[in-house]
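**Q** Need coordinates for the following:
(one chain, ligands or ions: 1)
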Amino acid sequence: MELSPVAMRAFAGLLKQRTGQELAASRHWRIETALKPLLKDRDLPSYESLAAGLADPRDVQLADAVVEALLNHETFFYREQAAFTQLMDGGIEELAASRAGSRKLRIWCAGCSTGQEAYSLAMAFAEAGDRWRDWTIEIIGTDVSAGVVSRAAGGSYTQFEIQRGLPVRQMMRWFVPEGEDWQARPELRRMVRFERHNLLQSAPFTGTVDVILCRNVLLYFAAEERARVFDGLAGAIAPDGLLMLGAGETVLGNTTRFEPHPAHRGFYRPVI
Ligand SMILES: C[S@@+](CC[C@H](N)C(=O)[O-])C[C@H]1O[C@@H](n2cnc3c(N)ncnc32)[C@H](O)[C@@H]1O
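**A** The predicted structure follows:
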């Protein structure tokens, strides 16, 4: 089954409008693979009929399903492990020193997928013994996809997912086997909350956060939308807050609202 340029434009246009992501020509092959199961579910004969269905105002769920299928939710526990260690031992400690009065830290995992990033942080705090006793650590995970947000909030992972990045010792300590899956313990779940949120819109909370992780999310955004997201992140972060991007990402050339942090390599701070 061939994907016509018209259908391709319809899917790519929808994805950009809903999420800010651009499907570059080199990634067009993904559309076919990603949408094939939807054709089957909907019993549709071709990609063209699926594209035509997007124009039907009575079928709002179809557009949601197409966007959902085109999103890439790849994630795993402690992805880029060294960056987590650097964050916990360096940046977080420095922020904590200036928050010793309130004893509160707020962290936003923007584009959190199924939650492994947020739970990795929760484990890192929970494993630090007495260090964070009497502190309120609030980890907010958000994603544009309702499906992954619901999975993250459930805190349940398959055997395959739980083994990706998570050493057995931590798996046994923080997750309980439940049938074939592994359920995050209440101690972890108390530290995290998840919400559906589109990064093209303003932050889903009041006040500011101390740390933002927005990793492997903006890679495929169109330049204008990416800059808009950085504006939103700059408005949501404390003046001395830390922004963490994915290993291959940078703010340079993408925004003037953040700059490389002079003391913490690989992290960014808002330009005040
Ligand atoms: C590749 S995953 C990265 C997950 C995690 N941050 C990590 O690094 O492992 C990218 C996530 O960004 C989400 N995303 C894409 N566009 C978004 C948008 N406009 N607003 C919020 N989340 C978005 C996707 O749904 C997906 O779950």
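**Q** Can you pull the domain assignment for this structure?
**A** Annotated domains of the chain cover 5-70, 81-270 [automatic domain parsing].
**Q** end-to-end on the shortest one?
**A** Read it as domain 5-70. 17 Å (C-alpha to C-alpha, to the nearest Å).
**Q** picking up where we left off before, which of the domains of the chain comes out lowest on mean pLDDT?
**A** Ranked by mean pLDDT, these bottom out at domain 5-70, which scores a mean of 91.
**Q** distance between it and the chain's centre?
**A** Centroid separation between domain 5-70 and its chain, computed with C-alpha atoms, centre = their mean, to the nearest Å, is 22 Å.
**Q** likewise stretch 135-143?
**A** 13 Å.
**Q** separation between the closest residue to T256 other than its chain neighbours and F258?
**A** Distances taken as C-beta to C-beta, 6 or more residues apart in numbering place V271 nearest to T256, at 6.4 Å, with adjacent residues excluded. No exception for glycine: its C-beta is placed from N, CA and C like everyone else's. When distance is defined by C-beta to C-beta, to the nearest Å, V271 is 6 Å away from F258.
**Q** With adjacent residues omitted, what lies nearest to G90?
**A** H264 (5.3 Å).
**Q** dump the residue contacts of the one you found.
**A** Residues in contact with H264 (C-beta atoms under 8 Å, 6 or more residues apart in numbering) are 86, 90-91, 94, 242.
**Q** neighbour-wise, which of the residues you listed leads?
**A** Of all those, the highest neighbour tally under other C-beta atoms under 10 Å goes to L242, namely 24 neighbours.
**Q** Give me the phi and psi angles of that one.
**A** Dihedral angles of L242 (phi, psi; degrees, to the nearest 10) stand at phi -120, psi 130.
**Q** Okay, and the beta partners of it?
**A** V211 (DSSP bridges).
**Q** I figured it was touching R269, is that so?
**A** Yes - at 6.5 Å, L242 counts as touching R269 under the criterion of C-beta atoms under 8 Å.
**Q** Need the overlap of contacts for those two.
**A** H261.
**Q** What backbone torsions are found at the residue nearest to G90?
**A** Backbone torsions of H264, given as degrees, to the nearest 10, read phi -120, psi 100.
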